[in-house]
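In: Below are the sequence and a predicted model for it; my questions follow.
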Amino acid sequence: MILPNIIAIDGPAASGKSTLGRRLADALGYLFFDTGVMYRAVTWAALQRGLDISDEAAITALAEAIVIDIRPPSQPDGRACDVLADGLDATWGTRAPEVDANVSPVSAYAGVRRALSLQQRRIGLRGRVVMVGRDIGTVILPEADLKVYLDASAEVRSRRRFDEVIARGEKADYERILAGVCNRDQIDSTRAVAPLRPAEDAVIVDSDKMDADQVFQYVEALCRK
Ligand code: DC
């Protein structure tokens, strides 16, 4: 049996791409690479430095200069990996609500995408990789051997995000999460450069009526076909 060497998983915010990608990478012994983390790290660093998110030139210069590193977890606090931005630990910072609110405009800048895409493609071409994002199958690695587009309605995705926050013992507002998810969908799918859309040869998986186990089993079976 020949397994797909490069697996691309794309889809909208909170569709379960990372959960699926991580499990698949574990099952196959592949590298898991969540490219959204890179856009989040640039956004986090921009906010830390007090940059104006609407200043495209400044944000692009930052994306070109910053060194983003993904390392094995250094703390037993539930993190899957360390995210370092110019050597600083940005792991939880990249998940903060301010980053959620600002990452879509940052990722719409052509220069930011150019800077990060080059690094993503270089890592992906090494193979034995499950790469997760918005444009992996369409732009970063169009030669991927298996392309999955994981979709779900905005309501179902927001409900899952809401449940995750509540499970962490934090407060959450469903309507606010839904508004944020819809806003990010709108920006991600209408931007001029590399908009969110399924590749022509992607397998579209609608997870509205599937739980995480069912999605994993379905995609794992595609890999082993
Ligand atoms: O998957 P995520 O929520 O961590 O992604 C954060 C943002 O980065 C999201 O608004 C879309 C953007 N992104 C992108 O444009 N291209 C990618 N390959 C990955 C993420």
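Out: It's in. Numbering: from 1, shown residues only.

In: Around the ligand, which positions in the chain sit nearby?
Out: Contact residues, the chain versus the ligand (Cβ under 6 Å from any ligand atom): 13, 35-36, 39-40, 103-104, 107, 133-136, 184, 188. Placement of C-beta: from N, CA and C, glycine included.

In: May I see the residues you listed arranged in TSV, with neighbour count as well?
Out: Formatted as TSV, these follow (neighbours: other Cβ atoms under 10 Å):
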residue	neighbour count
13	23
35	22
36	16
39	24
40	25
103	24
104	19
107	27
133	30
134	24
135	24
136	31
184	21
188	20
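
In: Tell me the buried residues in the lowest-mean-pLDDT helix or strand in the chain?
Out: For the chain, the helix or strand with the lowest mean confidence is strand 68-71, at a mean of 86 (criterion: mean pLDDT, DSSP states H and E). Applying a neighbour-count criterion of 16 or more other Cβ atoms under 10 Å, the buried positions in strand 68-71 are 68, 70.

In: Pull up the pairing partners for it, direction included.
Out: Partners of strand 68-71 in the sheet, by DSSP bridges, are strand 82-85 (antiparallel).

In: Can you give the contact residues for the longest helix anywhere in the chain?
Out: Ranked by residue count, the top helix of the chain under DSSP state H comes out as helix 174-190. Under the contact criterion Cβ atoms under 8 Å, 6 or more residues apart in numbering, helix 174-190 has outside partners 12-14, 100-101, 103-105, 107-108, 134, 154-155, 157-159, 161-162, 165, 195-197.

In: Which ones among the residues of the chain next to the ligand map onto helices?
Out: 36, 39, 40, 103, 104, 107, 184, 188.

In: show me what contacts the first one?
Out: Going by Cβ under 8 Å, 6+ apart, residue 36 touches 18, 103, 132, 133, 134.

In: Give me the packing partners of the strand or helix carrying the first one, helices and strands only.
Out: Spelled out, it's residue 18. Taking DSSP states H and E as the criterion, the element that holds residue 18 is helix 17-28. Where contact means 3 or more Cβ pairs under 8 Å, 6 or more residues apart in numbering; DSSP states H and E, helix 17-28 is packed against strand 6-10, strand 31-34, strand 129-133, strand 146-151, helix 212-223.

In: repeat that with 6 Å
Out: Contact here means 3 or more Cβ pairs under 6 Å, 6 or more residues apart in numbering; DSSP states H and E; on that basis helix 17-28 packs against strand 31-34, strand 129-133, helix 212-223.

In: okay, these, which one's buried deepest?
Out: Ranked by average neighbour count under the criterion mean count of other Cβ atoms under 10 Å, these are headed by strand 129-133 at a mean of 27.

In: and the angle for that strand with strand 6-10?
Out: Inter-element angle recorded for strand 129-133 and strand 6-10: 20 degrees (by axes from the mean of the first three to the mean of the last three Cα atoms, to 10 degrees).

In: Nearest to the spatial middle of this protein, which residue is it?
Out: For the chain, the residue lying nearest the average C-alpha position, counting by Cα atoms, centre = their mean, turns out to be residue 36 (3.3 Å).

In: How about residue 104: what's its closest non-neighbour residue?
Out: Nearest non-adjacent residue to residue 104, counting by Cβ to Cβ, 6 or more residues apart in numbering: residue 187, 3.9 Å away.

In: Burial check on that neighbour, number of neighbours?
Out: 17 (other Cβ atoms under 10 Å).

In: Since that was my last question, I'll sign off now.
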